[in-house]
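>>> dropping a prediction and its sequence here:
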Amino acid sequence: MAAFHGLAASGWLSYLALGVWYVMQAYVGMFYAYVFSPVLLYLVCAARIGRLYRRRAPAAPAQTDFVLLVPAHNEAALLPGLLASIAQLDYPAGRFRTVVVADNCTDGTAVLARAAGATCLVRRTAHPSSKVQALRFGAAQLALGAAQPAAVVCVLDADCQLDPHFLTELDRYFAQPGAAPVVQCSRRVGNAFESDVTVLDAAAEALRQRVGLGARALLGFDAFILGLGCCLRAAEFARLMALPQTSLAEDKEWKADLVRRQVPVAYCPAASLRYHTVGSQQAFGRQRQRWLAGQLASAKTHGLPLLAQGLAQGSLRQLDFACELLQPPRSCLLVVALAFGAVALGTGQAVLGWVW
């Protein structure tokens with residue numbers, strides 16, 4: 001600490017440097033608390049969080065109509081697994097329907113969907129498209145926002161499979177008075193032991209679900225939207241489909257709009273699905289790069305405005321999501337913490353310099 005005060009004595013520029021040093025530590029410390037406090041809560045309340053994932057017997061007849069919306073591009077290899085799991089659902093067949101958007105497919109995706117009894121919407125464009133464009137096409141064709149505003153749209157991927165009680169658990173939630181209009185279901189990796197990459201991805205997903213979303217649910221905080229497994233009232237779905245596409249991370253764009261309008265997002269851990277993740281390091285790297293690019297674009301567009309709006313309105317929901325957007329990657333937090341520790345050892349300063 002003496003080294004820093006000696007530096008500060010040399011002039012205002014050194015005071016400025018010292019202030020920047022403290023601000024940097026405060027910034028990192030704040031995000032450390034934001035990112036890792038759920039870990040502490042999970043260690044203390046693991047049993048209570050675990051009970052959130054248990055299935056309960058249906059309390060009443062089915063009350064909710066569902067649309068299982070599946071954007072698919074050349075998914076003939078994986079789509080049959082999803083369709084087979086849908087056939088095994090323990091929910092009344094008359095209260096849900098499956099809609100596959102065959103987006104610029106050149107394989108048998110559309111044929112397989114129709115053979116399984118699903119509605120298939122075929123989309124063809126001159127240029128490559130994205131998942132959100134396929135979803136918008138489905139929304140426009142079905143016009144659910146006007147025809148069935150109270151129905152629930154479940155956004156699925158062709159490579160996922162639903163647990164038999166998936167819709168039953170969602171119905172239990174949506175049938176409650178005052179239920180949030182948007183729900184994120186729980187997810188797990190279905191091919192966890194295919195390679196070293198899938199093992200790590202499965203572990204990360206389990207931590208995200210149990211420690212991250214589970215701890216948030218226990219505290220009554222909003223859930224984050226993860227794209228796959230997002231279930232929302234048709235009226236909200238139609239509103240989100242009308243948003244301009246500003247990044248590759250449609251889940252962040254949706255969440256930003258919902259937070260700005262103070263629309264709650266709940267977590268339904270008992271409604272579970274599993275999905276197929278990439279198994280090679282190269283494919284995982286490309287996927288990670290796309291995710292980081294989308295995260296960065298969303299942070300630039302929404303992070304600071306939501307932070308300012310949350311502070312002005314005293315909205316915990318907006319401040320929470322602003323922190324989610326603005327937080328550095330966890331790996332960066334760890335590296336910076338090590339750097340702070342090294343500097344502290346060399347100067348005799350406490351790692352958290354604002355604590356005297």
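That came in fine, so what should we check first? Numbers count the residues shown, from 1 in each chain.
>>> where's residue 162 relative to residue 228, distance?
Here the criterion is Cβ to Cβ, to the nearest Å. By it, residue 162 lies 11 Å from residue 228. All C-beta spots, glycine's among them, are computed from the backbone N, C-alpha and C.
>>> just residue 82 next, same as before
11 Å.
>>> more crowded one of the two?
residue 82 (28 against 18; other Cβ atoms under 10 Å).
>>> pull up the overlap in contacts between residue 162 and residue 228.
Both residue 162 and residue 228 are contacted by 156, 273, under the criterion Cβ atoms under 8 Å, 6 or more residues apart in numbering.
>>> ok, back up a step: need the overlap of contacts for residue 82 and residue 228.
The overlap between the contact sets of residue 82 and residue 228 (Cβ under 8 Å, 6+ apart) consists of 156, 157, 160.
>>> can you pull out the helices in the stretch 1-150 of the chain?
2-8, 12-51, 79-87, 109-115, 131-142, 144-147 (DSSP state H, counting those that start in this stretch).
>>> contact partners of the fifth one?
In this case it means helix 131-142. The set of residues external to helix 131-142 that reach it, using Cβ under 8 Å, 6+ apart, is 67, 69, 71-73, 99, 101, 103, 121, 123, 125, 145, 155, 227, 237-238, 241, 245, 250.
>>> which element is residue 215 on?
Secondary structure from DSSP states H and E places residue 215 in helix 214-219.
>>> in that helix, what's buried?
Within helix 214-219, the residues that qualify as buried are 214, 215, 216, 217, 218, counting by 16 or more other Cβ atoms under 10 Å.
>>> contacts for that helix?
38, 41-42, 45, 48-49, 52-53, 222-224, 266-267, 269.
>>> drop anything exposed from the residues you listed.
Members of the contacts of helix 214-219 classed as buried by 16+ other Cβ under 10 Å are 38, 41, 42, 49, 52, 53, 222, 223, 224, 266, 267, 269.
>>> list buried residues within the shared contacts of residue 82 and residue 228.
With burial judged by 16+ other Cβ under 10 Å, the buried subset of these is 156, 157, 160.
>>> what number of residues lie near residue 176?
Counted by other Cβ under 10 Å, the residues lying close to residue 176 total 12.
>>> could you look up the SS state of it?
Of the three states, residue 176 takes coil under DSSP: H, G, I helix; E, B strand; the rest coil.
>>> so how many other residues sit close to residue 147?
9.
>>> show me what contacts it?
Residue 147 neighbours (Cβ under 8 Å, 6+ apart): residue 234.
>>> tell me the pLDDT at it?
On the pLDDT scale, residue 147 is placed at 83.
>>> what about residue 171, which SS state?
helix.
>>> can you tell me the closest non-neighbouring residue to it?
Excluding its sequence neighbours, the residue lying closest to residue 171 (Cβ to Cβ, 6 or more residues apart in numbering) is residue 64, at 4.5 Å.
>>> so residue 74 touches residue 105, yeah?
Yes - in this structure residue 74 lies within contact range of residue 105 using Cβ atoms under 8 Å: 5.4 Å.
>>> neighbour count winner among those two?
Neighbour tally, residue 74 and residue 105, criterion other Cβ under 10 Å: the higher count belongs to residue 105, 21 against 16.
>>> for the stretch 1-150 of the chain, give me the ranges with low pLDDT.
The stretch 1-150 of the chain contains residues with pLDDT under 70 at 1-10, 57-59.
>>> I meant the stretch 201-350 of the chain, not that one.
246-247, 347-350.
>>> in it, which spans are helices?
Using DSSP H, counting those that start in this stretch, helices in the stretch 201-350 of the chain cover 214-219, 234-241, 250-260, 281-298, 304-313, 316-326, 330-347.
>>> to residue 12, which of these lies closest?
Closest approach to residue 12 among those (Cβ to Cβ): helix 330-347, 20.1 Å.
>>> got the angle between that closest one and helix 12-51?
130 degrees (axes from the mean of the first three to the mean of the last three Cα atoms, to 10 degrees).
>>> buried residues of helix 330-347, list them for me.
Residues of helix 330-347 classed as buried by neighbour count (16+ other Cβ under 10 Å): 333, 336, 340, 343, 344, 347.
>>> how much space separates the third one from residue 21?
In this structure, residue 340 and residue 21 are 9 Å apart, going by Cβ to Cβ.
>>> same check on residue 293?
According to Cβ to Cβ, residue 293 and residue 21 sit 31 Å apart.
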